[in-house]
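Asks: Just need the structure, nothing else, for what follows:
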Amino acid sequence: MGEVLSQSEIDNLLAALSSGELDVEEIQEPGEKPVKDYDFKRPAKFSKEHLRTLEIIYEHYGRLISTNLPVYLRKNIQVAVASSETVTFSEFTNALSNPVILGIVDFAPLVGNVIMELSPNLGFAMIDRMLGGQGAPLDKSRDFSEIEMTILQRLMVVCMQLMREPWKNVVDINPMMERIETNAQFAQVIAPSDMIAIVSMSVKIGDVEGLMNICLPYFTLEDVMDKLNTKYWFSTMQKDDSTDYEEHIESLIKRIDVPVKAVLGKSQVAVNDFLSLQVGDIIRLDSKVDSEMNIYVGNIRKFTALPGSMKENYAVQVTSIVREGE
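Replies: I've put the predicted structure just below:
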């Protein structure tokens, strides 16, 4: 609320206006809106809302990496979103080291490419871990060999495929790794002056820490910019997921192959007799020909059966179900 003038101050103000000592335009100047400079070389195409939504997407992506990548590296991995910002592509490439790990990803059905940048120390730690080491980085950075690049490409493809689920609330993407570059000069897939959003993710593999940067060009996300807001994001999420997954999980379990073995019988043989076995020798078992045999699923006895044959194959006929292990 503005300051309230007293009656004497109002009289003095009117007197000053009548005598010409005070100009009306001078009174109106402070109320004018300030003019802000606009840099046309760095247009503000990404709002704070857009960046916040991208952070939400890649927070989910980080959880997927920390869950799935340890399957390959056999090492604990921690991933967290560190920051997000908008810069020009030239500023991004100028800040890159040499060598660098740049994955050029086709972000279909969106137009253009997305770049995944991985710190070299993380790359060498992954390679060392995949080759049986402790996951230690190199003391001095060097270029990657062809074998190392093949290993890195496999891991980068795994990381790339994990992007599908976090993006499904915005658009169903089908990313494809086009190539991996170790020199930023060969990754000029975006005009230097184009604006990009960079989501920086802190990755820790054991004791090795580094950054994974996701470079998202504006012209690639232009068609879905309206969907990059938290209001749309949360409105598309299912608030009450009442879907019964029991039948789906049961159908998946039914397609899993499990080893089944039928044990005719057992016998103890001396090592000397075992070494002297010849074709045609007979080993006496502890079961009779007409006695039931045990059927094991995995290492659990589940059935009893009688031996027999079907056409030209050996077979068993199940006689009872054993409830062990239930």
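Asks: could you point out where the protein is predicted with low confidence?
Replies: For the chain, applying pLDDT under 70 flags the ranges 1-6, 19-44, 230-245, 324-326.
Asks: ok, now which ones touch Ile180?
Replies: Ile101, Leu102, Gly103, Ile104, Met149, Leu152, Gln153, Met156 (Cβ atoms under 8 Å, 6 or more residues apart in numbering). The way it works is simple: take the backbone N, C-alpha and C, and place the C-beta from them, glycine included.
Asks: What helices and strands are in contact with the strand or helix carrying the fourth one?
Replies: In this structure, Ile104 is located in strand 101-106 according to DSSP states H and E. Helices and strands touching strand 101-106, as assessed by 3 or more Cβ pairs under 8 Å, 6 or more residues apart in numbering; DSSP states H and E, comprise strand 113-118, helix 146-161, strand 176-181.
Asks: ok so, going back, buried ones only from the contacts of Ile180, please, as a ChimeraX command.
Replies: The buried residues among these can be selected in ChimeraX (16 or more other Cβ atoms under 10 Å) with this line:
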select :101,102,103,104,149,152,156
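Asks: Closest one to Glu209 out of the contacts of Ile180, please.
Replies: Ile101 (15.5 Å; Cβ to Cβ).
Asks: follow-up on the earlier one: just the helices and strands packed on strand 101-106: most buried one?
Replies: Highest mean neighbour count among the helices and strands packed on strand 101-106 (mean count of other Cβ atoms under 10 Å): strand 113-118, with a mean of 22.
Asks: May I have the strands that pair with that strand, each with its orientation?
Replies: Using DSSP bridges, the strands paired with strand 113-118 in its sheet are strand 101-106 (antiparallel), strand 208-217 (antiparallel).
Asks: Now Leu277: which helix or strand?
Replies: Using DSSP H and E, Leu277 is not contained in any helix or strand.
Asks: So what does it look like in phi/psi?
Replies: In this entry, Leu277 is assigned phi and psi values of phi -60, psi 140 (degrees, to the nearest 10).
Asks: tally of neighbours for it?
Replies: Neighbour count of Leu277, defined by other Cβ atoms under 10 Å: 10.
Asks: what comes into contact with the longest helix anywhere in the chain?
Replies: Counting residues, the longest helix in the chain under DSSP state H turns out to be helix 48-68. With contacts defined as Cβ under 8 Å, 6+ apart, helix 48-68 is touched by 77-81, 84-86, 158-159, 162-163, 165-167, 170, 197, 199, 201, 203, 214, 216, 225, 228-230, 233.
Asks: Now the buried members of the residues you listed.
Replies: The buried subset of the contacts of helix 48-68 - by 16+ other Cβ under 10 Å - is 77, 79, 81, 84, 86, 159, 162-163, 166-167, 170, 197, 199, 201, 203, 214, 216, 228, 233.
Asks: Now intersect those with the strands, please.
Replies: Ile77, Val79, Val81, Ser84, Thr86, Ala197, Val199, Met201, Val203, Ile214, Leu216 (DSSP state E).
Asks: need those in JSON lines with distance to Ile249, can you?
Replies: Compiled in JSON lines, those are given as follows (distance: Cβ to Cβ, whole Å):
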{"residue": "Ile77", "distance to Ile249": "27"}
{"residue": "Val79", "distance to Ile249": "27"}
{"residue": "Val81", "distance to Ile249": "31"}
{"residue": "Ser84", "distance to Ile249": "36"}
{"residue": "Thr86", "distance to Ile249": "43"}
{"residue": "Ala197", "distance to Ile249": "38"}
{"residue": "Val199", "distance to Ile249": "33"}
{"residue": "Met201", "distance to Ile249": "31"}
{"residue": "Val203", "distance to Ile249": "32"}
{"residue": "Ile214", "distance to Ile249": "33"}
{"residue": "Leu216", "distance to Ile249": "35"}
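Asks: how about these, which pair is most distant?
Replies: The largest distance within those, taken as Cβ to Cβ, falls between Ile77 and Thr86 and amounts to 27.8 Å.
Asks: if we can go back for a sec, out of the helices and strands packed on strand 101-106, which comes closest to Asp207?
Replies: Taking Cβ to Cβ, strand 113-118 is the member of those nearest to Asp207, at 17.3 Å.
Asks: Please identify which helix or strand holds Ala125.
Replies: Counting by DSSP H and E, the element that carries Ala125 is helix 120-130.
Asks: Show me how far that helix is from its chain's centre.
Replies: 18 Å (Cα atoms, centre = their mean, to the nearest Å).
Asks: And stretch 159-178, by the same measure?
Replies: Between the centre of stretch 159-178 and the centre of its chain there are 9 Å (Cα atoms, centre = their mean).
Asks: Pairing partners for Val199 in the sheet, please.
Replies: Val199 has these beta-bridge partners by DSSP bridges: Ser84, Ile214.
Asks: right, and it touches Ser84 too?
Replies: Yes: the criterion here is Cβ atoms under 8 Å, and Val199 meets it with Ser84 at 4.9 Å.
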